[in-house]
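Participant: next comes the sequence, and after it the predicted model I'd like to discuss.
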Amino acid sequence: MAAKAKKDTVKKRSAQPKAVKVERTKRNENVDERLEQKIEKTLTSLYTLQKIDSHIDKIRNIRGELPLEVQDLEDELVGLETRISKFKNEIADIENSILAKKNAIKDSEALIARYKDQQMNVRNNREYDSLSKEIEFQTLEIQLAEKRILESNEEKARKQEEIDNAEKELDERKKDLEVKRSELKDIVTETEKEEKALMERSRENQDNIEDRLLTAYNRIRKNARNGLAVVQVERDACGGCFNKIPPQHQLDIKLHKKIIVCEYCGRILVDDDIANNVDAN
């Protein structure tokens, strides 16, 4: 009996390590499974966040071009108005110059009439010749003034033509601006509600992502030209930089045991299962 009891005790002791080993194996499998589920959930949230943010980017890009176009048109209108105002000031200066030349002509004509009257009462040829030179000088002054008036009128006509062209262009740009402003208002009205809903969804997905991953995501998005921080593996290549991904990395990506980034561009990589699941929803 004692021998049998001793044998049973030994048998039990030998069976205990096996049971513990099996239990540990199951525990490890459960831990691995929970880890995979957590990483899969994180990757799904990251890819969903990327899709939402890309949609927001698209909306802002569409709207972003119009404000620039509106601003450009407004600046162009200010430039045209300044140009027209400048031409009008120049025309006013030309008209003042023409008026001054006309007054100078009247003064010269009055002097010529006076000199001619004085010639009738001269006492010698020297006085007569002196008055004749004054008359000749004033006549030349009149001719010069008339020439300047003609040139000024030609310049005034050119300035007026510039004003007419600028005012015509100004009217056209005002119409363009009115259209662009209307388009911008319509787009803002149409997209504002959608953008707010997308922003809310974006915040909800951010709550499911660890702060360190969210920081990395935002950093990658900021540095990426197309704003893509999370991309799908397509044709054995990164969907962001299109460099080939080694087979072992592709396997790791499919297993969802850890977050895998592209060794070339640093973008976070997801497999078809996650991408298709997100796209389907």
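Facilitator: Happy to help now that I have it.
Participant: what pLDDT does R24 get?
Facilitator: pLDDT, R24: 54.
Participant: swap in D93?
Facilitator: At D93, the model reports a pLDDT of 96.
Participant: in terms of secondary structure, what does the helix or strand it falls within contact?
Facilitator: Element membership for D93 (DSSP states H and E) is helix 2-119. Under the contact criterion of 3 or more Cβ pairs under 8 Å, 6 or more residues apart in numbering; DSSP states H and E, helix 2-119 touches helix 125-206, helix 211-223, strand 230-234, strand 268-270, helix 272-280. Using the backbone N, CA and C atoms, a C-beta is placed for each residue, glycine as well.
Participant: how far off centre is the shortest one?
Facilitator: Think strand 268-270. 29 Å (Cα atoms, centre = their mean, to the nearest Å).
Participant: against which helices or strands is it packed?
Facilitator: helix 2-119, helix 211-223, strand 230-234, helix 247-255.
Participant: quick one: low-confidence ranges for this protein?
Facilitator: Segments of the chain classed as low confidence (criterion: pLDDT under 70) are 1-32, 280-281.
Participant: show me it divided up by domain.
Facilitator: Listed by automatic domain parsing, the domain ranges of the chain are 50-208, 210-281.
Participant: which of these sits closest to E40?
Facilitator: Closest to E40 of the domains of the chain is domain 210-281 (Cβ to Cβ; 4.4 Å).
Participant: make JSON lines from the helices and strands packed on helix 2-119 and add mean neighbour count and distance to R63 to it.
Facilitator: Output for the helices and strands packed on helix 2-119, formatted as JSON lines (neighbours: other Cβ atoms under 10 Å; distance: least, Cβ to Cβ, whole Å):
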{"stretch": "helix 125-206", "mean neighbour count": "14", "distance to R63": "5"}
{"stretch": "helix 211-223", "mean neighbour count": "14", "distance to R63": "19"}
{"stretch": "strand 230-234", "mean neighbour count": "21", "distance to R63": "24"}
{"stretch": "strand 268-270", "mean neighbour count": "25", "distance to R63": "28"}
{"stretch": "helix 272-280", "mean neighbour count": "15", "distance to R63": "25"}
